[in-house]
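Participant: return atomic coordinates for the entry below.
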Amino acid sequence: MPQNLLDLSDETLLLISHFVHKDNEIELPSFGAHWENFQSDIDPEVAEDYLSFRSSCKRLYKICKLQGLHVRVKRWNKMVKWVEEAPVAVMRGVRRVELDIVRDSVPQVSFSLRSSMISTFLSGFTNLEELIVTNLPLCRHTRKGYKTHHLRALYDFLKNLLSLCVQVKCDQCSTFIPLWMLSASPILQHLKVADGGFTPSESSGNSNWLLQKILEVYSMRNGCPIRSLYLGTFWGNEAILPVISNFPLIENLQVLQYNEKNLAHSQLVCLPCKDNILSVSDYTGEQSLRSFADQLRDLRSLKTLDCHLVISPRPEFEPTTLDMYDRRSHYSAVEGTPNRSRRALEYRTDVQRILEATAQALTDALPSLQYGAVWQDMDDTVHQHCFRWTFEVQGEQGNRTPVFDPVPVAIPRIFSANYDATCLAKDAEAD
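Facilitator: The predicted structure follows:
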């Protein structure tokens, strides 16, 4: 029977150190869809308890390796200091990095030197698994050309990277920087990007240029390894879905359409039309929900889907009849206006019916689907939020049924709305 901590075996001590390290509580990827807008989980202090545990004695120092470290860089000189002075053991222990380098912190050096320094800095983290980019000093676009267009990865400086999120606010950089980093990431599994609405002059056709280029990058390797795709785009369904269907290993697909002229989402509206057939419409046109889902049928591994489908149960009925009351005023209003209560009940019934029909159509078209989400927009003067209804598919093949969580997540519009799929609406208004 062990009398103290050091009487335990090395294996037991390593297990204890695993639970002491807070990085192990953070998922990979740590980011979510564009509508979430949560603060980054990358925190340089995440390993404080682990490092204290490791430094308590020589034995623990020897068996507990440096690992799971987080690095956040906001100044150019800090990045240079990492390249010049950081010990190799520390560099090897870094698992997650966030780059938020403002342009004002960079000396007057050439564009090629900047990009070379960034790639050298990242290549030093040989065990880097997650990279979040919110700002890079590479945004230099002139009438003669786009500097970021010429970024090329000369070697795999992100050879072990599994998770990449690029959220720069420049529409051109948000297109070219991901391609630069993807070409250096041979085993990437999780990707979050926004195309920014920018399309180079040499592009042709009506498909999403960024997605096509991503496929081209991996066509020169052993195929596209991406399993989770979080896409912010202004393109319509007919430009997105056929290209996404060529990502063979996709398990988690989250797509947010946005409009650069509007602070709110440009939604895929799902509504009943004649013969009770559900249709999906965006600014490019309308199609049946079944044909919409059929475009993703080739994704044999797809388990989670959220394409921001927004239900519209009855356009002529204003959902403001579902005002939020306190307990006393609610019963007083309902008792005094029976017609109002009846119409509200009809609205709820329509919502439930269309939720179930939408989820069932997706379930029937996508045999591997396990989880999904359907949105209900409450865009009026009273309800400044959206409802996100999630469902889980239960049953076996031939008898699969989506079961909704009875309580939706209420998301304030100011929290989820995007101007460019990268920033909050209130930030965009201030710019």
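Participant: check the chain for its longest strand and report it.
Facilitator: The residue-count maximum for a strand in the chain (DSSP state E) belongs to strand 384-394.
Participant: that one: partners in the sheet, and parallel or antiparallel?
Facilitator: Next to strand 384-394 in the sheet, as set by DSSP bridges, lie strand 371-379 (antiparallel), strand 401-404 (antiparallel), strand 409-412 (antiparallel).
Participant: among these, which is the most enclosed?
Facilitator: Among the strands paired with strand 384-394, strand 371-379 has the highest mean neighbour count (mean count of other C-beta atoms under 10 Å), at a mean of 20. Backbone N, C-alpha and C define where each C-beta goes, glycine included.
Participant: the chain: helices as residue ranges?
Facilitator: 10-20, 48-54, 58-63, 76-85, 88-93, 111-123, 173-182, 209-219, 237-244, 289-294, 327-336, 338-365, 413-416, 425-430 (DSSP state H).
Participant: deepest of those, which one?
Facilitator: Of the helices of the chain, the one with the most neighbours on average (mean count of other C-beta under 10 Å) is helix 173-182, at a mean of 24.
Participant: and for Arg75, the neighbour number?
Facilitator: Neighbourhood size, Arg75 [other C-beta atoms under 10 Å]: 14.
Participant: how far away is it from Ala194?
Facilitator: Separation of Arg75 from Ala194 (C-beta to C-beta, to the nearest Å): 25 Å.
Participant: same question for Met181.
Facilitator: Taken as C-beta to C-beta, the span from Met181 to Ala194 is 14 Å.
Participant: in the chain, where is pLDDT below threshold?
Facilitator: Segments of the chain classed as low confidence (criterion: pLDDT under 70) are 1-2, 37, 104-105, 140-151, 196-207, 235-239, 258-287, 312-350, 378-385, 413-431.
Participant: could you find the closest non-adjacent residue to Ala373?
Facilitator: Leaving aside its sequence neighbours, Ala373 sits nearest to Asp306 (C-beta to C-beta, 6 or more residues apart in numbering; 4.2 Å).
Participant: for that neighbour, which residues make a bridge with it?
Facilitator: Beta-bridge pairing of Asp306 under DSSP bridges involves Gln254.
Participant: look up how far Val255 lies from it.
Facilitator: For Asp306, the distance to Val255 equals 7 Å [C-beta to C-beta].
Participant: who's in contact with the residue nearest to Ala373?
Facilitator: Ala33, Leu253, Gln254, Val255, Gly372, Ala373 (C-beta atoms under 8 Å, 6 or more residues apart in numbering).
Participant: one more time with 7 Å
Facilitator: Asp306 sits next to Ala33, Gln254, Gly372, Ala373 when contact means C-beta atoms under 7 Å, 6 or more residues apart in numbering.
Participant: could you do Arg221 as well?
Facilitator: Counting by C-beta under 7 Å, 6+ apart, Arg221 touches Pro186.
Participant: same check, this time on the one 5 residues further on
Facilitator: With contacts defined as C-beta under 7 Å, 6+ apart, the neighbours of Ile226 are Leu188, Gln189, Leu191, Phe247, Leu249, Ile250.
Participant: now these as TSV including distance to Ala153?
Facilitator: Putting the contacts of Ile226 into TSV (distance: C-beta to C-beta, whole Å) gives the following:
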residue	distance to Ala153
Leu188	12
Gln189	18
Leu191	15
Phe247	20
Leu249	22
Ile250	23
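Participant: in strands, which of those fall?
Facilitator: Of these, the ones assigned to strands by DSSP E are Leu191.
Participant: list buried residues within the contacts of Ile226.
Facilitator: Buried members of these, scored by 16 or more other C-beta atoms under 10 Å, are Leu188, Gln189, Leu191, Phe247, Ile250.
Participant: include distance to Asp294 when you put the residues you listed into JSON lines, please.
Facilitator: Below are those laid out as JSON lines (distance: C-beta to C-beta, whole Å):
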{"residue": "Leu188", "distance to Asp294": "28"}
{"residue": "Gln189", "distance to Asp294": "26"}
{"residue": "Leu191", "distance to Asp294": "24"}
{"residue": "Phe247", "distance to Asp294": "16"}
{"residue": "Ile250", "distance to Asp294": "16"}
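Participant: ok, so of these, who is nearest Ser52?
Facilitator: Taking C-beta to C-beta as the measure, Ser52 lies nearest Gln189 of the buried ones among the contacts of Ile226, at 32.0 Å.
Participant: can I assume the closest one is in contact with Tyr218?
Facilitator: No. If you go by C-beta atoms under 7 Å, Gln189 and Tyr218 don't touch, sitting 11.9 Å apart.
Participant: picking that back up, closest to Asn208 among the buried ones among the contacts of Ile226?
Facilitator: Nearest to Asn208 out of the buried ones among the contacts of Ile226 is Phe247 (C-beta to C-beta; 11.8 Å).
Participant: for that closest one, phi and psi?
Facilitator: The phi and psi values for Phe247, taken as degrees, to the nearest 10, are phi -90, psi 90.
Participant: that one and Leu6, how far apart?
Facilitator: 50 Å.
Participant: now Leu99: closest residue in space, sequence neighbours ignored.
Facilitator: Nearest to Leu99 is Val133, by C-beta to C-beta, 6+ apart, at 4.9 Å.
Participant: how many other residues sit next to the one you found?
Facilitator: With neighbours defined by other C-beta under 10 Å, the count for Val133 comes to 22.
Participant: report the beta-bridge partners for it.
Facilitator: For Val133, the beta-bridge partners are Leu99, Val166 (DSSP bridges).
Participant: that one against Cys170, yeah?
Facilitator: No. Look at Val133 against Cys170 with C-beta under 7 Å: they stay out of range, at 11.6 Å.
Participant: quick check: neighbours shared by those two?
Facilitator: With C-beta under 7 Å, 6+ apart, Val133 and Cys170 have no common neighbours.
Participant: contacting residues around stretch 180-191?
Facilitator: Contacts of stretch 180-191 (C-beta under 7 Å, 6+ apart): 29, 151, 153, 156-164, 214, 217, 221, 225-229.
Participant: from these, which would you call buried?
Facilitator: Here, 16+ other C-beta under 10 Å leaves 29, 151, 153, 157-158, 161-164, 214, 217, 225-229 buried among the contacts of stretch 180-191.
Participant: among those residues, which ones are in strands?
Facilitator: Checking the buried ones among the contacts of stretch 180-191 against DSSP E, those in strands are Ser163, Leu164, Ser228, Leu229.
Participant: quick one, what contacts the first one?
Facilitator: Neighbour list for Ser163: Leu28, Pro29, Glu129, Glu130, Gln189, His190 [criterion: C-beta under 7 Å, 6+ apart].
Participant: next: the last one.
Facilitator: Applying C-beta under 7 Å, 6+ apart, we find Leu229 in contact with Leu191, Phe247, Ile250, Leu253.
Participant: okay if I get these as a markdown table plus distance to Val94?
Facilitator: Listed next are the contacts of Leu229 as a markdown table, based on distance: C-beta to C-beta, whole Å:
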| residue | distance to Val94 |
| --- | --- |
| Leu191 | 20 |
| Phe247 | 29 |
| Ile250 | 28 |
| Leu253 | 29 |
